[in-house]
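A.B. asks: pasting a predicted model and its sequence here:
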Amino acid sequence: MNGRIFVETLKKIGYPNANQLNGEHFDWWFDIGDERIFVEWFCNTVNEQNVLSEEELNGLKRLEVEDCLLDQKDLDQVLETRPKDVKSKYGNLEEMTVDELESEVEVLQLTRNLKIQRRNKQQLMVTKIHHLPMQLRDQEDECARLLREIHQQLVVENAKLNRTLLKIHEEVQELSSAYSSTEAEKKPEQEIVFMSQLALDRYLQQEEQCTSALTEYTKKQFFQGIVELVASSDVEKFQLVHLTSQPVQGQCNEVLEEYKQQMARIQAAYSSGQRQLILAKAKEQSTEARLQYLEQIISSMRTRKLTDDANGIKAKKSSLAKELTSINVQIEELINEELPDLIVENAQLLNMPVVNGNFDLQMSRQDYCTSKQDEIASQLIKQKARFELLQLAYEIELCKHRETHRQLENLAKNLNQSREDFVKRLEIMSDKSLLPSNKQQTLIDSSDTTTARLAEILVGDDEQQPFKTYSGLEEGAKKLQKEVVCLKDQLKATMHNQSFLRLTLESDIEKLQSVMYTGSKQLLLHSEELSEPLQKLESQLQRLPQIIGNIADDIKSKNKMLSSNSICRGERSLYVHFFQDPDQLKKIVGDFERKFQTRSIGLDS
């Protein structure tokens, strides 16, 4: 319901200037409770039949002007003037009995009630019929609005899908151009994406230039024969060189022979020089000894002691001559036998500085060669590292290409599967049995398997009705909808009950926690409010046996007293009657009063 329906109702009953009204100005009426009920009743009930015509309005106005309208009293008087001898349509009522009239009245009342029910039903049907176009119009407007919204959504989604497909197409083209294998397919302005697309000619040319430069540098630094010089510096060669030894490995014969000749000349010169040096030193020492001896003689001659010791000198001279002969023999032996051997040995030791210098030269050459080798090796290692880095980059890119290829294969499979599914859906949708027909069908076609299976699910197999109809399918759907609504209502009620029970359980748990736990979050076996009464009760329970014993002693003493005193027994019986049998107590008291009165009368007499 809205203001537009209210304006259309005013147009139906011929309200003046109803075409100029706007329905949106009356929408607020349908948001208010009381006025909404009246306006909905007005829109659903009022129609052209409830409006007076122009003739009826003019006649009513004339009667009002002429003051010819009758009130209730005048109308009753006019009805009383009706002639009594006029026959009614029911015949002569005086001839019928009371029972017949009552039965006829009952029949007429039943007929009247039935007609009233029929009239009410027809009014409801008329109201529904009048209200049905409005509902259908509202539903049509709602469907149109939903259709427009869905259409707009589909347009937006279609635009998004088109943009997405265009973007995918561009990216696929870029990807295909990036993976183009031939140079002719590549565009000149295309950027290089992969490392495999890089031209390595310049890099390889630079590496070749580097290699050639390194080769030239190696040739310059390592001249011909340096390897033999360095290789000859073995540990076994660090020893004295014997001229008669075998030729050293790694040295040429000419160099070795020259080296031997030079060492032989040095040793021969050294031997002769040492021999001459030793002989010269011996002569020098002998000359010095003679000079000393002559100086002694001269000194003794000066002191004139030589004549005194002539005999002694002769004896000493003979002894010295003997010693001199023995010394000369020893000197000849030393000069001929021991001295040559010592000189030869010393000459051999003369080779040590030469050998050390030679070895130092070889070690310096080896150090120089090692440093240059390290320098060249570092350059070679750098070059190898560059090649290995390039190889590693190619291997990583190859792994990525393989992964991309695998993903593209999976994507192609998925796209082929989607295309096959789409083709199948198109084939199913192009089925003639699914196309809408102008003829309204009541029975479900056997070729329409989807609708037939849906009917089996909703309606089931009915032996009385072998053919499945759309009306039965609709009834089954409505029934299922009702069941779903009932189940939803039951589920809501159950959820409400569960939520209520959960809330009550949570509140009870909170209360129990507040009772069972103190502020320090320690579990209490009893409440703090009950601790003091429980202690009092415990103390009373401890005193209870003593109290019971006292009561038992008191009862025993009272039983003894009752057994020995009749007055106490009478008082006890009166107390019992006072609490349990008041009538008996009254009777006993009355007997006592009569006995007392008789006794008083007897005493008076």
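C.D. replies: Great, that's in hand. Numbering: from 1, shown residues only.

A.B. asks: residues contacting the residue nearest the centre of the chain?
C.D. replies: With distances taken as Cα atoms, centre = their mean, the residue of the chain nearest its centroid is residue 407 (23.8 Å). If a contact means Cβ atoms under 8 Å, 6 or more residues apart in numbering, then residue 407 has no contacts. All C-beta atoms are positioned from the backbone trio N, CA, C, and that covers glycine.

A.B. asks: skip ahead from the lengthiest helix in the chain and say which helix or strand is next.
C.D. replies: Criterion DSSP state H: the longest helix present in the chain is helix 98-178. Going down the chain from helix 98-178, the next helix or strand is helix 201-221, by DSSP states H and E.

A.B. asks: by mean pLDDT, point me to the weakest helix or strand of the chain.
C.D. replies: Each helix and strand of the chain was given a mean pLDDT (mean pLDDT, DSSP states H and E); the minimum falls on helix 226-231 at a mean of 49.

A.B. asks: which elements pack onto the helix or strand following it?
C.D. replies: Sequence-wise, the next helix or strand downstream of helix 226-231 (DSSP H and E) is helix 253-302. Packing partners of helix 253-302 (3 or more Cβ pairs under 8 Å, 6 or more residues apart in numbering; DSSP states H and E): helix 339-349, helix 351-429.

A.B. asks: hmm, 10 Å instead?
C.D. replies: helix 310-333, helix 339-349, helix 351-429 (3 or more Cβ pairs under 10 Å, 6 or more residues apart in numbering; DSSP states H and E).

A.B. asks: now do the buried residues in the shortest one.
C.D. replies: Of the residues in helix 339-349, 339, 343, 347, 348 count as buried by neighbour count, 16 or more other Cβ atoms under 10 Å.

A.B. asks: need the residues you listed in CSV (columns: pLDDT and distance to residue 147).
C.D. replies: Listed next are these as CSV, based on pLDDT from 0 to 100; distance: Cβ to Cβ, whole Å:
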residue, pLDDT, distance to residue 147
339, 75, 138
343, 76, 133
347, 72, 127
348, 70, 123
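
A.B. asks: farthest-apart pair in those, please.
C.D. replies: Maximum pairwise distance among the buried residues of helix 339-349 (Cβ to Cβ): 15.0 Å, between 339 and 348.

A.B. asks: and the gap between residue 114 and residue 107?
C.D. replies: 11 Å (Cβ to Cβ, to the nearest Å).

A.B. asks: what sits closest to residue 393 if chain neighbours are left out?
C.D. replies: residue 195 (5.5 Å; Cβ to Cβ, 6 or more residues apart in numbering).

A.B. asks: burial count for that neighbour?
C.D. replies: Residues lying near residue 195 (other Cβ atoms under 10 Å) number 12.

A.B. asks: before we move on, what about residue 383?
C.D. replies: 14.

A.B. asks: quick one, what contacts it?
C.D. replies: Listed by Cβ atoms under 10 Å, 6 or more residues apart in numbering, the contact set of residue 383 reads 207, 210, 211, 214.

A.B. asks: tell me the confidence at it?
C.D. replies: If you check residue 383, the pLDDT there is 89.

A.B. asks: just give me the neighbour total for residue 170.
C.D. replies: 10.

A.B. asks: excluding chain neighbours, give the residue nearest to residue 134 in space.
C.D. replies: Leaving out its chain neighbours, residue 134 is closest to residue 5 (Cβ to Cβ, 6+ apart), at 5.4 Å.

A.B. asks: how much space separates the one you found from residue 47?
C.D. replies: 13 Å.

A.B. asks: which one's more surrounded, those two?
C.D. replies: Under the criterion of other Cβ under 10 Å, the comparison of residue 5 against residue 47 puts residue 5 first, with 21 against 13.

A.B. asks: residue 393 is in contact with residue 200, isn't it?
C.D. replies: No: Residue 393 lies out of contact with residue 200 (Cβ atoms under 10 Å); the separation is 11.6 Å.

A.B. asks: overlap in contacts of residue 114 and residue 107?
C.D. replies: Shared contacts of residue 114 and residue 107, defined by Cβ under 10 Å, 6+ apart, are absent.

A.B. asks: how many other residues sit next to the residue nearest to residue 26 when sequence neighbours are not counted?
C.D. replies: For residue 26, ignoring the flanking residues on the chain, the nearest one in space by Cβ to Cβ, 6+ apart is residue 3 at 3.2 Å. Neighbour count of residue 3, defined by other Cβ under 10 Å: 18.

A.B. asks: residue 7 too?
C.D. replies: By the measure other Cβ under 10 Å, the count of residues near residue 7 is 20.

A.B. asks: what does the average pLDDT come to for the helix or strand containing it?
C.D. replies: Per DSSP H and E: residue 7 is located in helix 3-12. Averaged across helix 3-12, the pLDDT comes to 82.

A.B. asks: how distant is the helix or strand following that helix from the center of its chain?
C.D. replies: The helix or strand immediately downstream of helix 3-12 is helix 33-45, counting by DSSP H and E. Centroid displacement of helix 33-45 relative to its chain, using Cα atoms, centre = their mean, to the nearest Å, is 57 Å.

A.B. asks: list the buried ones in helix 33-45?
C.D. replies: Of the residues in helix 33-45, 39, 40, 43, 44 count as buried by neighbour count, 16+ other Cβ under 10 Å.

A.B. asks: what distance do you get for the last one to residue 55?
C.D. replies: Distance, residue 44 to residue 55, by Cβ to Cβ: 28 Å.

A.B. asks: same check, this time on residue 206
C.D. replies: Counting by Cβ to Cβ - residue 206 and residue 55 are separated by 117 Å.

A.B. asks: among the helices and strands packed on helix 253-302, show me which one is buried the most.
C.D. replies: helix 339-349 (a mean of 14; mean count of other Cβ atoms under 10 Å).

A.B. asks: strands along the stretch 451-600 of the chain, start to end?
C.D. replies: Remark: strands of the stretch 451-600 of the chain are absent; assignment by DSSP state E, counting those that start in this stretch.

A.B. asks: helices along that one, start to end?
C.D. replies: 470-516, 528-564, 566-580, 582-604 (DSSP state H, counting those that start in this stretch).

A.B. asks: pLDDT (mean, whole number) over the third one?
C.D. replies: Here helix 566-580 scores 80 as its mean pLDDT.

A.B. asks: other residues contacting it?
C.D. replies: Contacts for helix 566-580 (Cβ under 10 Å, 6+ apart): 558, 561, 562, 563, 565, 583, 584, 585, 586, 587, 588, 589.

A.B. asks: who wins on neighbours among those residues?
C.D. replies: Highest count within the contacts of helix 566-580 by other Cβ under 10 Å belongs to residue 585, 17 neighbours.

A.B. asks: contacts for the helix holding residue 7?
C.D. replies: With Cβ under 10 Å, 6+ apart as the criterion, helix 3-12 contacts 15-30, 39-40, 42-48, 50-51, 130-131, 133-135, 137-138, 141.
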